[in-house]
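K.L.:
missing the sequence, but the structure's below:
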């Protein structure tokens, strides 16, 4: 395992340990009120986690928790599509009348259980010496890493004006009070929980976050590649070639960010290093916000994330997603600009060597390279292989090699999605 893999492995373990928020001796709180004070026995903690999972599941599929009354979490995060979008649309519609477009492509909610909390600088020793390398922004959920855990992420769509569009915590609480599972909610969080909207809202986020950590639904590890790693399946010659190209630092070099090897303890690979990088995928004119030529989605430095606004070194950085179940997607990257997995892989191979294939042309015939990232931020672009070519250079991957990598990526689809 490389030093970088050790680095990402260490934060994955830390994050996984941090997920267990309901432990003996801990209080389970919602907002300012301690709803279920501890300590609890391990058995009680397990039973409570099961109860919150069941409650969160009901909430996840409940459209009445939206302003429109027609949109649930599952509307965009379809369990039949690995808890990602069923459509090929680059963004989904939401709001009180389901006519407000989002700004980002909807990510899958599967395999987020080990994502660590966001940190601006992650340091990890390259070896056992004193030297340390700043790996930069790491962790966090959503495309810009602005939510540190599932319960924080769950708050966002409930209040987002272009998602479920509730006005405030009190509006969400009113919906919960009327829900068929209101008694279960009170049993979990106290008979008076609905009298305190902020507490009820926090409790709702806790239940949703707990559900989204349930292994059977969200991290089953049942792909054919998992079976291959366990010695229970074989890969075809093409798939094995694709795996080798995926990991080859001089070819695809995909595994530099999408870790593909299991940890030393046998934990399956997450197919992400949890980092945030800039790769300048082409601007997508199908996103309504992009009709304004002055608008740019800059990820870590805004517009949805505001705490790094004006931090030029972070503009254009987006979270590296897991590639598990990637073959199910109908749109790719944060702006959904590509609609085939093959195009997504090919873009890496020839972004710099053949920019005219990917980016539009100006009226004078010049290529509008990196058209969704202002030139002031081009220094942030990832230039590691297979990037870093000069126009006209031979691409890092041939067409057959791209097909081989796609074949390998298709082995990452979970059994329940096939």
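P.N.:
On my side now, so go ahead. Predicted, not measured: the structure shown is a model, and the values here were computed from it.

K.L.:
Check which residues of the longest helix along the chain are buried.
P.N.:
With secondary structure taken from DSSP state H, the chain has its longest helix at helix 42-60. Buried positions in helix 42-60, judged by neighbour count with 16 or more other Cβ atoms under 10 Å: 45, 48-49, 52-57, 59-60. Placement of C-beta: from N, CA and C, glycine included.

K.L.:
Over to stretch 58-78?
P.N.:
So, applying 16+ other Cβ under 10 Å, buried residues of stretch 58-78: 59-60, 62, 65-68, 71-78.

K.L.:
Number of residues surrounding the residue lying closest to residue 58 once chain neighbours are set aside?
P.N.:
If the residues on either side of it in the chain are set aside, residue 58 comes closest to residue 181, at 4.8 Å by Cβ to Cβ, 6 or more residues apart in numbering. Neighbour count for residue 181, taken as other Cβ atoms under 10 Å: 17.

K.L.:
Please verify my assumption that residue 181 contacts residue 55.
P.N.:
Yes - in this structure, residue 181 is within contact of residue 55 by Cβ atoms under 8 Å, at 6.3 Å.

K.L.:
Specify which member of the buried residues of helix 42-60 is nearest to residue 347.
P.N.:
Top of the list for closeness to residue 347, among the buried residues of helix 42-60 and by Cβ to Cβ, is residue 60 at 33.0 Å.

K.L.:
Burial check on residue 309, number of neighbours?
P.N.:
Number of residues near residue 309 (other Cβ under 10 Å) recorded here: 13.

K.L.:
Could you give the number of residues near residue 400?
P.N.:
Residue 400: 10 neighbours (other Cβ under 10 Å).

K.L.:
where does it land on pLDDT?
P.N.:
pLDDT, residue 400: 98.

K.L.:
hang on, it is in a helix, isn't it?
P.N.:
Yes - under DSSP: H, G, I helix; E, B strand; the rest coil, residue 400 falls within a helix.

K.L.:
Could you find the closest non-adjacent residue to residue 82?
P.N.:
Nearest non-adjacent residue to residue 82, counting by Cβ to Cβ, 6+ apart: residue 325, 3.7 Å away.

K.L.:
ok, now which ones touch the one you found?
P.N.:
Counting by Cβ atoms under 8 Å, 6 or more residues apart in numbering, residue 325 touches 82, 84, 108, 110-111, 223, 412-414, 417.

K.L.:
Repeat the analysis, applying 6 Å as the threshold.
P.N.:
Contacts here follow Cβ atoms under 6 Å, 6 or more residues apart in numbering; on that basis residue 325 touches 82, 413-414.

K.L.:
So which of those wins on neighbours?
P.N.:
Among the contacts of residue 325, residue 82 has the most neighbours (other Cβ under 10 Å), with 25 neighbours.

K.L.:
my guess is that one contacts residue 111, does it?
P.N.:
No - Residue 82 lies out of contact with residue 111 (Cβ atoms under 6 Å); the separation is 8.8 Å.

K.L.:
quick one, strands of this protein?
P.N.:
For the chain, applying DSSP state E gives strands covering 28-30, 33-36, 93-94, 100-101, 123-125, 132-134, 276-277, 318-319.

K.L.:
hey, least reliable of these by pLDDT?
P.N.:
Mean pLDDT per stretch puts strand 28-30 lowest among the strands of the chain, at a mean of 39.

K.L.:
Show me the domain layout of the protein.
P.N.:
Domain assignment of the chain by automatic domain parsing yields the ranges 3-218, 224-417.

K.L.:
which regions of the stretch 301-418 of the chain sit below the pLDDT cut-off?
P.N.:
For the stretch 301-418 of the chain, no stretch is flagged by pLDDT under 70.

K.L.:
got the residue ranges for the helices in it?
P.N.:
For the stretch 301-418 of the chain, the helices defined by DSSP state H, counting those that start in this stretch cover 341-350, 399-409.

K.L.:
can you put these in TSV and add distance to residue 156?
P.N.:
Below are these laid out as TSV (distance: least, Cβ to Cβ, whole Å):
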stretch	distance to residue 156
helix 341-350	25
helix 399-409	28
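
K.L.:
Tell me which of those helices lies nearest to residue 135.
P.N.:
Set against residue 135 and scored by Cβ to Cβ, the helices of the stretch 301-418 of the chain come closest in helix 341-350, at 20.2 Å.

K.L.:
Name the residues of that closest one that come out as buried.
P.N.:
Neighbour-count burial for helix 341-350 flags 341, 344-350 (criterion: 16+ other Cβ under 10 Å).

K.L.:
on contacts alone, who are the packing partners of that helix?
P.N.:
In terms of contacts (3 or more Cβ pairs under 6 Å, 6 or more residues apart in numbering; DSSP states H and E), helix 341-350 is packed against helix 399-409.

K.L.:
what residues does the helix it packs on touch?
P.N.:
Residues from elsewhere that reach helix 399-409 (Cβ under 6 Å, 6+ apart): 238-239, 241-243, 245-246, 252, 326-327, 341-342, 345-346.

K.L.:
Centre of the chain to the longest helix of the chain, how far?
P.N.:
Computed by Cα atoms, centre = their mean, to the nearest Å, the chain-centroid distance of helix 42-60 equals 23 Å.

K.L.:
Can you spell out which helices and strands pack onto that helix?
P.N.:
Helices and strands touching helix 42-60, by 3+ Cβ pairs under 6 Å, 6+ apart, are helix 182-189, helix 197-211.

K.L.:
Out of these, which is the most enclosed?
P.N.:
Mean neighbours per residue, mean count of other Cβ atoms under 10 Å, is largest over the helices and strands packed on helix 42-60 for helix 197-211, with a mean of 24.

K.L.:
and that one, what's its mean pLDDT?
P.N.:
Helix 197-211 carries an average pLDDT of 97.

K.L.:
Give me the angle between it and helix 42-60.
P.N.:
100 degrees (axes from the mean of the first three to the mean of the last three Cα atoms, to 10 degrees).

K.L.:
Go through the contacts of residue 325 and say which is closest to residue 174.
P.N.:
For the contacts of residue 325, the residue nearest residue 174 by Cβ to Cβ is residue 82; the value is 32.1 Å.

K.L.:
can you pull the contacts of the closest one?
P.N.:
By Cβ under 6 Å, 6+ apart, the contact set of residue 82 is 108, 110, 325, 328, 417.
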